[in-house]
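Sequence plus the predicted model coming up.
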Amino acid sequence: MKLPKIIFMTIILASFVFAKVNINTATKDELMMLPGIGENKAEAIIEYRKNNKFEKIDDIKNVKGIGEKRFEKIKSDLSVSGKTDTSNLKSAKKSDKKDSNSSKLKKDDKNSKSQAEKSKKDSDKTKKSTKKSKKDSNSTKKSKS
């Protein structure tokens, strides 16, 4: 009698530890918390489920724009039953690390561009002052003659 209770409690606790997005009931915002699922794909999932119930998580690959690669990245956070809980998504955490690295790269790239622009401006100023110096020098020579 105790064994079924233990198994039941283990299953219940496991469902709280691992957050899941129920692709049959999740809102657009909840779907968009999955990496690689933006507004258009979230809307496509919602549109698909109007006429089809997701029987298994693999069915999400029937939605246009979601292939094997995308599925592999998000499958650990998908479910077809139960409540949606986005508080502890595994795939989103992996994606956040990538996003923070890519934003750092973008920031570094912006810094490089601004330094290059500054160098170009400095170079242009130097060229202008050199031309002005030559003009002044030529006009001084003409006035001496």
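All right, it came through fine. Just so it is clear, the model here is predicted, and its values are computed rather than measured.

Please, which helix or strand holds residue 82?
Assigned by DSSP states H and E, residue 82 belongs to no helix or strand.

Run a quick neighbour tally on it.
When neighbours are counted by other C-beta atoms under 10 Å, residue 82 registers 11. In short, each C-beta sits where N, CA and C put it, glycine included.

Not counting its neighbours along the chain, what's nearest it?
Excluding the flanking residues, the one nearest residue 82 by C-beta to C-beta, 6 or more residues apart in numbering is residue 22, at 5.8 Å.

now do residue 29
residue 42 (7.9 Å).

give me the element that neighbour is part of.
Assigned by DSSP H and E, residue 42 falls within helix 39-51.

After that helix, which helix or strand is next?
Following helix 39-51 in sequence, per DSSP H and E, is helix 68-74.

if I read this right, residue 52 contacts residue 62, doesn't it?
Yes. Under the criterion of C-beta atoms under 8 Å, residue 52 makes contact with residue 62 at 7.3 Å.

my read: the residue nearest to residue 82 touches residue 79, true?
Yes. Under the criterion of C-beta under 8 Å, residue 22 makes contact with residue 79 at 5.1 Å.

still on that earlier bit, so who does the residue nearest to residue 29 touch?
28-29, 31-32 (C-beta atoms under 8 Å, 6 or more residues apart in numbering).

I figured residue 83 hits residue 24, correct?
No. Counting by C-beta under 8 Å, residue 83 does not reach residue 24; the two are 11.1 Å apart.

which of the residues in stretch 58-67 are buried?
Using 16 or more other C-beta atoms under 10 Å as the test for burial, stretch 58-67 gives 59-60, 63, 66.

Nearest to residue 46, out of those residues: which one, please.
Nearest to residue 46 among these is residue 63, at 9.6 Å by C-beta to C-beta.

picking that back up, would you check which pair of the buried residues of stretch 58-67 lies furthest apart?
Across those, no pair lies farther apart than 59 and 66, at 10.0 Å, counting by C-beta to C-beta.

hmm, back to that, any idea which of the buried residues of stretch 58-67 is closest to residue 90?
Nearest to residue 90, judged by C-beta to C-beta, of the buried residues of stretch 58-67 is residue 60 at 16.2 Å.
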